[in-house]
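Participant: Just a sequence and a predicted model for now, questions to come.
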Amino acid sequence: MNRSERIHKTLTDAFTPSALQVVDDSHKHAGHAGARPEGETHYTVIISTPAFEGMSRVAMQRAVMAALQPEFDTGLHALSIKASL
C-alpha cells in the first residue's frame, strides 16, 4: 500500500467522510526541502465529513493532522488540507 492509499484509509477510518480526495503533489516540489527522489512527501487532502460538526477550521485541520501523525513520522513532509462539513 502506498502513502496515498494509507492516507485515504486512515482518514476514511477516522472520519467516515462523505467526500475525500488525496492528491500527491510531490512532483511539484522536486528539489525543495523535504522532497525525496521517490516522492510521496507532499499531499493535498480535500475532506468533507459530518464528524467536523461544531469544529472550527483550525480544529478540523488539527484533527486531520493528528490522524496522519504516523505518516509525518515516516516521511510525509507537507500537507495542504481543505476540510469542511
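Facilitator: Received the coordinates, thanks. Residues are numbered from 1 along each chain as shown.

Participant: tell me the SS of the most centrally placed residue in the chain?
Facilitator: With distances taken as C-alpha atoms, centre = their mean, the chain has Val45 as the residue nearest its mean C-alpha position (4.6 Å). Classification of Val45 by DSSP: H, G, I helix; E, B strand; the rest coil places it in strand.

Participant: was I right about it contacting Leu79?
Facilitator: Yes: with contacts defined as C-beta atoms under 8 Å, Val45 counts as touching Leu79 at a distance of 6.4 Å. No exception for glycine: its C-beta is placed from N, CA and C like everyone else's.

Participant: Could you give me the buried positions within the lengthiest helix in the chain?
Facilitator: The helix of greatest length in the chain, counted in residues with DSSP state H as the criterion, is given as helix 3-15. By neighbour count, with 16 or more other C-beta atoms under 10 Å as the criterion, the buried positions of helix 3-15 are Arg3, Arg6, Ile7, His8, Thr10, Leu11, Ala14, Phe15.

Participant: Quick check, the fourth one in contact with Val22.
Facilitator: When you say that, I think you mean His8. Yes: if you go by C-beta under 8 Å, His8 and Val22 touch, sitting 4.9 Å apart.

Participant: joint contacts of these two?
Facilitator: Both His8 and Val22 lack any common contacting residue under the criterion C-beta atoms under 8 Å, 6 or more residues apart in numbering.

Participant: Which stretches in the protein count as strands?
Facilitator: Remark: strands of the chain, listed N- to C-terminal, are 19-24, 42-48, 78-84; assignment by DSSP state E.

Participant: quick one: which of those is nearest Val64?
Facilitator: Comparison of these against Val64 by C-beta to C-beta identifies strand 78-84 as nearest, at 5.2 Å.
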